[in-house]
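Q: Fold the following.
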Amino acid sequence: MEDIKKAILDFAENSKKTKFYFSDMEKAVRKVIPDAKARAVKKAATELINEEKLIFFSTGSTSMYGLKGRGQTEDH
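A: Numbering: from 1, shown residues only. Here you go, the predicted structure:
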């Protein structure tokens, strides 16, 4: 699980975008850990949100993730 969390954080830090879809995050994790399951990636992302390292966005029609403190990720 820690390997998946590290892969997610590496992707989030090196991504050109400040917000990204789960599918993009999952693809990035699978480049590093080919046998990672979607459920494990989702669980790791949820843990990172609970640890306040990632932020979850939902617009009603789509859900996105972002690295906390990067870009406009918080209400002003």
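Q: Help me confirm that Arg30 is found in a strand?
A: No: counting by DSSP: H, G, I helix; E, B strand; the rest coil, Arg30 is not part of a strand but helix.
Q: List the contacts of it.
A: Ala36 (Cβ atoms under 8 Å, 6 or more residues apart in numbering). For glycine as for every other residue, the C-beta is placed from the backbone atoms N, C-alpha and C.
Q: How about Ala12?
A: Counting by Cβ under 8 Å, 6+ apart, Ala12 has contacts 20, 25, 54, 65-67, 70.
Q: Point out where the protein drops to low pLDDT.
A: Within the chain, the segments meeting pLDDT under 70 span 71-76.
Q: Would you map the helices across it?
A: Ranges of helices within the chain are 2-14, 22-32, 38-50, based on DSSP state H.
Q: ok so, going back, got CSV for the contacts of Ala12, with neighbour count too?
A: Below are the contacts of Ala12 laid out as CSV (neighbours: other Cβ atoms under 10 Å):
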residue, neighbour count
Phe20, 18
Met25, 22
Leu54, 22
Tyr65, 21
Gly66, 20
Leu67, 20
Arg70, 14
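Q: and which of those residues is nearest Phe11?
A: Met25 (6.0 Å; Cβ to Cβ).
Q: My read is that that closest one contacts Gly66, right?
A: No: the criterion here is Cβ atoms under 8 Å, and Met25 misses it with Gly66 at 10.5 Å.
Q: any idea how far Lys37 lies from Ser58?
A: According to Cβ to Cβ, to the nearest Å, Lys37 and Ser58 sit 23 Å apart.
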